[in-house]
Structures are given as structure tokens and as C-alpha cells.
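Student: What follows is a predicted protein model with its sequence.
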Amino acid sequence: MNWQRRALAECPAQPWRNGGGLTHELATWPTTDEWRWRVSVARIDQDGPFSAFPGVERWFAVLEGGGVALQWPERRQVLHAHEPPLAFAGEPACEAQLLAGPTLDFNLMARGLRGGLHRQTQTGAQAPWPAHAHVGVFACTAVAWQADGQAQALAPREFAWTHTTALTPWHWQAGEALLFVLQEASTP
């Protein structure tokens, strides 16, 4: 497997149009302009709206800080660090309210892909990754795993991603990460 890697410290900060925070884009696939998936880490400095992304599935997880309340017209969700990521559609209006100061947050967005993002901490053998899947690992702490017989490790705030060609066995060895597996929506 060919893993690509990028450290958060290597990614320049891009200010939000509304002035409410900064985004560090870690990776996009296949291109920056016409991405199918996009991974970023954002610092939210003040309450305000999230940008709308029609037709995009989003996942959001708090990495650091006192937490965020996300408010949609029909529901409210409170998120704190180390909790499972939240999945939501990109088009409804969403307001973010900080609970206790700025937060650092992980964001995954996908178009035309199915799958999900979860917080990986449980060690041992895991369910294999499917063939033809996009797999990404963002290290919250130092992490280590084996996939397809190859040892991998990341320092905190590093991101690695790959594309599987076949059913891929893997084994989580240590640490806490946010891990996604995405496939074409039409894949059985």
C-alpha cells in the first residue's frame, strides 16, 4: 500500500470568510478544485454559521477545547473532545456556538461517496477495509497500525491516506485517531 502523509504543521492557515476561524486543509482527492473528499482541521474562534455545502456529507469531531454546540433548524447537537464524530448533511443552515472558548476541530467532507468517520482506539485485529476504498487516518495521539502486512505510525496531528485495491486486513496497535473509510456510492 502506498500511504501519503501530511503534518498539520505543514498546512498554511486560511481565514474563514466570516472571520470566525481558520482552516488548515490537509488533503483533497482527486484535486483541490474538484474534490470528492476533503480533510481539514479548523480552529473556531467565535460563534457563527458553518458554510453550506449542498450535496456534501460532512463529519465533524472536536479535537481540543471546551466543545461546540451545532444548531440546525430542527435539532441541536453538543460535541466535546474525544467523543465520536458527528455526521450531517452539508446543505441545511448550521450555527456553531462555542461552549468554553476556541476549539480545534477535524472535518471530513465527501461527495458521491459512502462510508464514515470514527474514533479509533480499540487495539487488535479490525474488520478488513473493503477493496477500492479511500482510507484516511488522522493521529490525535501517537498511533501505530499494520495494514496489508506493513507497519505504519504517525505522530500527533499527522494525517495519512491511501486507496485500497483489494480487501485489506489491518490491526490497530496503539493510540487514538480519527479514521475514515469511503467508497463510491454505487459500489456494492
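Tutor: Received it, and whenever you're ready, just let me know what you need.
Student: Please parse the protein into its domains.
Tutor: Per the record, the chain has its domains at 4-110, 113-184, by automatic domain parsing.
Student: Output the ones you listed in TSV; the columns should cover mean pLDDT.
Tutor: TSV is the format used below for the domains of the chain (pLDDT from 0 to 100):
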stretch	mean pLDDT
domain 4-110	94
domain 113-184	97
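Student: could you list every residue that touches the closest residue to G48 other than its chain neighbours?
Tutor: Leaving aside its sequence neighbours, G48 sits nearest to G20 (C-beta to C-beta, 6 or more residues apart in numbering; 3.9 Å). For every residue, glycine as well, the C-beta is placed using N, CA and C. Neighbouring residues of G20 by C-beta atoms under 8 Å, 6 or more residues apart in numbering: I44, D45, Q46, D47, G48, A96.
Student: And G20, how far from V135?
Tutor: Distance of G20 to V135, computed by C-beta to C-beta, to the nearest Å: 31 Å.
Student: Tell me which residue lies nearest the centroid of this structure.
Tutor: Nearest to the geometric centre of the chain sits L108, at 3.9 Å (C-alpha atoms, centre = their mean).
Student: Who is that one paired with across the strands?
Tutor: On the basis of DSSP bridges, L108 takes part in beta bridges with V39, W59.
Student: I figured it was touching R38, is that so?
Tutor: Yes. If you go by C-beta atoms under 8 Å, L108 and R38 touch, sitting 7.5 Å apart.
Student: Mutual contacts of the two, please.
Tutor: Common contacts of L108 and R38 (C-beta under 8 Å, 6+ apart): none found.
Student: ok, back up a step: taking the contacts of G20 together, which two end up most distant?
Tutor: The distance between the two most remote of the contacts of G20 (C-beta to C-beta) is 10.6 Å, for D45 and A96.
Student: Pick out whichever of those two has more residues nearby.
Tutor: Legend: neighbour count by other C-beta atoms under 10 Å for D45 and A96, higher for A96 (21 against 16).
Student: so where do the helices sit in this structure?
Tutor: With DSSP state H as the definition, the chain shows no helices.
Student: now L63, nearest residue through space, not along the chain?
Tutor: L104 (4.5 Å).
Student: ditto for E25
Tutor: Closest residue in space to E25, ignoring its immediate chain neighbours: S40 at 4.8 Å, by C-beta to C-beta, 6+ apart.
Student: what's the neighbour count on that neighbour?
Tutor: Using other C-beta under 10 Å: S40 sits among 19 other residues.
Student: Am I right that it is in contact with T23?
Tutor: Yes. Contact criterion C-beta under 8 Å: S40 and T23 qualify, at 5.1 Å.
Student: overlap in contacts of these two?
Tutor: N107.
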